[in-house]
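Chemist: Any chance you can model this:
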Amino acid sequence: MNVVSTMRYSRRSYMTADRLPAAADLERLYLGMLRIRLFEDAVLRLFLANEVEGTTHLCQGQEAVSVGVCDALDPGDAVAATYRGHGAALALGVDATRLMAELLGRESGTNGGRGGSMNVTDLERGLIGCFGIVGGSIAAATGAALAAQLTRDGSVSVAFFGDGAVNQAYFHECLNFAGVRRLPVLFVCENNLYGEWTPMAAVTAGGDIAGRAAAYDIPAAKVDGNDVLAVRTAAADAVSRARRGDGPTLLECLTYRHKGHSKVDPGAYRPREEVDAWLARDPLPRLAAQLDDDAVERAHDDAEAELQRVLAAATAAAFPALGTPATATKGSA
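Modeler: The predicted structure is shown next:
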């Protein structure tokens with residue numbers, strides 16, 4: 001089963017007002033989150049074995065946001081993600097082997113092994129970039145939405161960003177511009193309560209991220225970011241609104257990263273009771289509770305088998321050849 005190629009493009013008819021989600025759709029969403037969880041766990045192991053080129057930022061615990069939002073999109077839509085962007089990439093349908101190869105610095109990676117974890121792009125799948133600059137994704141998605149509006153191609157853009165980005169100029173300038181132009185863009189704040197090591201509440205005046213949209217006359221919603229169905233419903237509403245020409249939406253998803261900010265961060269600054277409370281709200285077992293045992297077992301079998309294929313292919317792939325234009329240094333010409 002090639003779950004990578006079918007992930008994003010499956011029929012998404014379950015989120016209607018008059019019917020409950022179908023079991024097959026729940027299983028598909030669970031598989032999507034599980035694929036991300038296992039992929040990130042594997043990246044952690046590879047990083048600790050010194051196999052990953054550069055640093056990495058993992059998204060275990062935040063899978064419901066990526067899967068819920070991307071499931072509401074269509075081919076041709078654009079996504080700009082953060083440096084914690086592996087989940088968004090996989091949810092969009094980026095090939096998992098090519099993504100892993102990129103993290104390992106291999107020629108067959110999404111960026112030829114030269115971009116690394118924080119700079120993944122795949123234009124064929126709509127991923128216009130993962131951005132290491134905090135808030136950079138907001139500007140990129142706003143620009144893509146402007147292009148869509150000018151060309152009238154009917155597409156919608158999504159910007160993923162963390163709570164640390166809402167105090168950046170990108171956030172305010174782009175929400176203002178998108179509101180004035182009524183751009184077809186969805187601004188998705190993955191509020192995991194910390195900007196690197198700093199509690200969001202300590203540096204964000206007012207503390208209500210969704211409430212900031214009112215200043216720009218933009219609708220907003222605050223949802224449980226660990227509930228993939230709630231995220232998907234809110235995202236679908238916002239995407240439909242944007243596609244109708246009714247402008248942008250700000251979606252604040254309350255979630256929590258299970259690991260530290262990056263691999264140099266053990267996360268010791270977070271209170272143990274806070275961590276335990278959020279681990280109890282893990283999005284995977286929450287959705288698994290709505291599935292039968294056979295469905296959960298199938299998802300694990302599929303995801304684990306895929307991961308073994310991904311690791312075998314990515315670790316066997318060649319490194320970029322030295323001396324090629326993309327790898328040559330300035331002084332070697």
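Chemist: Listing partners with orientation, what would you give for the helix or strand containing V158?
Modeler: V158 belongs to strand 157-162 when assigned by DSSP states H and E. Applying DSSP bridges, strand 157-162 is found paired with strand 78-82 (parallel), strand 185-191 (parallel).
Chemist: For it, give the mean pLDDT please.
Modeler: Average pLDDT, strand 157-162: 97.
Chemist: Output the contacting helices and strands for the helix or strand following it.
Modeler: Going down the chain from strand 157-162, the next helix or strand is helix 169-181, by DSSP H and E. Packing contacts for helix 169-181, counted by 3 or more C-beta pairs under 8 Å, 6 or more residues apart in numbering; DSSP states H and E, involve helix 136-151, strand 185-191. To be clear about C-beta, it is placed using only N, CA and C from the backbone, and glycine gets the same treatment.
Chemist: So in that sheet, which strands flank the helix or strand following the shortest one, and in what orientation?
Modeler: Spelled out, it's strand 185-191. Scanning forward in sequence from strand 185-191 by DSSP H and E, the next helix or strand is strand 194-195. Using DSSP bridges, strand 194-195 pairs in its sheet with strand 198-199 (antiparallel).
Chemist: Just the residues contacting the strand it pairs with, thanks.
Modeler: Strand 198-199 has contacts (C-beta atoms under 8 Å, 6 or more residues apart in numbering) with 164, 193.
Chemist: Distance from that strand to the middle of the chain?
Modeler: When distances are taken as C-alpha atoms, centre = their mean, to the nearest Å, strand 198-199 is centred 21 Å away from the chain's centroid.
Chemist: Which residue comes closest to the residue positioned nearest the centre of the chain once chain neighbours are left out?
Modeler: Closest residue to the average C-alpha location of the chain: A88 at 2.7 Å, with C-alpha atoms, centre = their mean. Spatial nearest neighbour of A88, chain neighbours left out: A81 (4.0 Å); criterion: C-beta to C-beta, 6 or more residues apart in numbering.
Chemist: As CSV, the helices and strands packed on helix 169-181 with mean neighbour count, mean pLDDT and distance to T315 would be great.
Modeler: What follows is the helices and strands packed on helix 169-181, written out as CSV (neighbours: other C-beta atoms under 10 Å; pLDDT from 0 to 100; distance: least, C-beta to C-beta, whole Å):
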stretch, mean neighbour count, mean pLDDT, distance to T315
helix 136-151, 21, 98, 29
strand 185-191, 28, 97, 30
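Chemist: Thanks again, I'm all set now.
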